[in-house]
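Participant: Sequence plus predicted model, see below.
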Amino acid sequence: MSKIELKANSLQSPQLEQQNQGFTLFELLVVMLIIGILAAIGIPSFIKQTVKAKQSAARESIARVNHAQVVYRMENDSFATNYSTLLVGTLDNNSSVDTYKGYTFQMSSSADTTSIIATPVDPSLKAYSGGTNRYVDSNYREFVVSILCEANTPGTATALPPTLHNNADPDCPNNYKNLNGNF
C-alpha cells in the first residue's frame, strides 16, 4: 500500500462509521414536520371532496327518482309511493323513507304530484329536494315536469319540498336554487 492510499483510507473510516449509525433526532424531527405540514394541507381538501361526493350522490338519487316517477306516471294513473316500485337502485326500500350516503330520503306521492326530500345528517351537507307533477293545460295537453332544488346553505334542518302546482311547472322553496340542467 502506498502512503496516499493509507492516508485516504484513514480519512474515510470515521465518516463511514458515522453514516452507519442511523438517523439523528434532528433528521427525524424534520421528516415528522414535513409529514405534518403535508397532512395539514391534504386533510381539509380530502374532507371537502368527501362532502362534494355525498352531495353529488344525493342530487343523483333525487334526479333518478324524478326520472323514474315520470316514466312510472306515463304508464300508470298515479305516481309510485315507494322506492322499490321505481327500481332506482340506491334507494331500494319498500317504504317512502330510506337513508343513503349521509342523507335521509323521504318521498310523498299522490295521483298528480310527487316530491322527494333529502335531509342531511351531517351539518356540512346541503339539503336537496325534488318533485314531479302532472298537469293538463287549457288546450288539454298533458305535461309531466320535474324539478331538482339545492339549499343555499348547509345544515341538518329538514329539507323543504318544492311547490308543485296543478297547472304550471314546479318551483323551488325559498333559499333553494333550481338545479335543473345545472348538475
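Facilitator: Now that the structure is in, tell me what you want to look at.

Participant: Can you mark which positions in the helix or strand where Leu148 lies are buried?
Facilitator: Using DSSP states H and E, Leu148 sits within strand 142-154. For strand 142-154, a neighbour-count test (16 or more other CB atoms under 10 Å) marks 144-151 as buried. C-beta coordinates here come from the backbone N, C-alpha and C atoms, glycine included.

Participant: Using JSON lines, lay out those together with distance to Asn66 and pLDDT.
Facilitator: Below are the buried residues of strand 142-154 laid out as JSON lines (distance: CB to CB, whole Å; pLDDT from 0 to 100):
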{"residue": "Val144", "distance to Asn66": "10", "pLDDT": "88"}
{"residue": "Val145", "distance to Asn66": "10", "pLDDT": "89"}
{"residue": "Ser146", "distance to Asn66": "4", "pLDDT": "91"}
{"residue": "Ile147", "distance to Asn66": "8", "pLDDT": "94"}
{"residue": "Leu148", "distance to Asn66": "7", "pLDDT": "95"}
{"residue": "Cys149", "distance to Asn66": "11", "pLDDT": "95"}
{"residue": "Glu150", "distance to Asn66": "14", "pLDDT": "95"}
{"residue": "Ala151", "distance to Asn66": "17", "pLDDT": "95"}
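
Participant: now the residues you listed as JSON lines including distance to Lys54?
Facilitator: Below are the buried residues of strand 142-154 laid out as JSON lines (distance: CB to CB, whole Å):
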{"residue": "Val144", "distance to Lys54": "29"}
{"residue": "Val145", "distance to Lys54": "27"}
{"residue": "Ser146", "distance to Lys54": "22"}
{"residue": "Ile147", "distance to Lys54": "21"}
{"residue": "Leu148", "distance to Lys54": "16"}
{"residue": "Cys149", "distance to Lys54": "17"}
{"residue": "Glu150", "distance to Lys54": "13"}
{"residue": "Ala151", "distance to Lys54": "14"}
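
Participant: just curious, which of those is nearest to Leu87?
Facilitator: Among these, Ser146 lies closest to Leu87 (CB to CB), at 17.4 Å.

Participant: which residues touch that closest one?
Facilitator: Contacts here follow CB atoms under 8 Å, 6 or more residues apart in numbering; on that basis Ser146 touches 66-67, 69-70, 130-132, 170, 180.

Participant: Counting neighbours, which of these end up buried?
Facilitator: Burial by neighbour count, 16+ other CB under 10 Å: within the contacts of Ser146 this picks out 66, 69-70, 130-132, 170, 180.

Participant: For those, name the two members farthest from one another.
Facilitator: Counting by CB to CB, the most remote pair of these is Gln69 and Asn180, 14.7 Å apart.

Participant: Return the member of the buried ones among the contacts of Ser146 nearest to Gly36.
Facilitator: The closest of the buried ones among the contacts of Ser146 to Gly36 turns out to be Gly130 (CB to CB; 43.2 Å).

Participant: Within the helices and strands, which one has the closest one?
Facilitator: In this structure, Gly130 sits in strand 126-136 according to DSSP H and E.
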